[in-house]
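**Q** Sequence first, then the predicted structure, then my questions.
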Amino acid sequence: MIARRDIDSLTVDLAGNWRLYTNRLPAGARALGVVNSRGASGALAQTTAGVYVRVNAGALASLPQRKVGQAIEQKRTGSGGPGRGQGAKAADGVTNVARYNVTLDAASEAVARQIGGGDRSLGIRKALGRAHAEWVREKAGESLADSRPNISHQQVMLDQK
């Protein structure tokens, strides 16, 4: 007899060999790995509409979308526990982070994910780091190109009094 807990569980293996379960995916769908849901395993795929499905020999089975999304996110980020981001470690190892709401258009969100290798927050941090480095280079270039005479720090401090 299968325990109720086992029937309701859902696991994903993003490195799993989905071809063990099917040779064909629905048109435009992409294989994500292997899923086990309600005691049945199969290829995990995402349709062009963004719907997660289990595929066995070409036959599709609906999956609980929220649970699959959470399981995939947990596998990708290593987050643990319930709730958004609880226990998640930043991909770049940065600590002392805080959560902010950022409004992005679809193109900017796609670029952030691309820069971050699928991690939107990492992409934003990398893009901001690059932009800041460029800004510093620009300011340093302006300073070096300034033809006014140099003033020592000591003189500046004396002028402040």
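**A** Yep, that arrived.
**Q** and the most centrally placed residue in the chain, what does it touch?
**A** A centroid search over the chain (CA atoms, centre = their mean) returns residue 119, at 2.3 Å, as the residue closest to the centre. Listed by CB atoms under 8 Å, 6 or more residues apart in numbering, the contact set of residue 119 reads 76, 77, 91, 113. C-beta: built from backbone N, CA, C; applies to glycine.
**Q** what about the second one, how many neighbours?
**A** Other residues within reach of residue 77, judged by other CB atoms under 10 Å, total 17.
**Q** Look up how far residue 71 lies from it.
**A** According to CB to CB, to the nearest Å, residue 77 stands 11 Å off from residue 71.
**Q** do the same with residue 122
**A** For residue 122, the distance to residue 71 - CB to CB - is 21 Å.
**Q** go on, residue 34?
**A** 11 Å.
**Q** what does residue 137 give?
**A** For residue 137, the distance to residue 71 - CB to CB - is 43 Å.
**Q** of the two, who's got more company?
**A** For residue 137 versus residue 71, the count of surrounding residues by other CB under 10 Å is larger for residue 71: 22 against 10.
**Q** Please name the nearest non-neighbouring residue to the more buried one.
**A** Spatially, and ignoring its direct neighbours in sequence, residue 71 is nearest to residue 12 (4.5 Å; CB to CB, 6 or more residues apart in numbering).
**Q** And the helix or strand containing that neighbour, what does it pack against?
**A** Using DSSP states H and E, the element containing residue 12 is strand 10-13. Counting contacts by 3 or more CB pairs under 8 Å, 6 or more residues apart in numbering; DSSP states H and E, strand 10-13 is packed against strand 30-37, helix 65-77.
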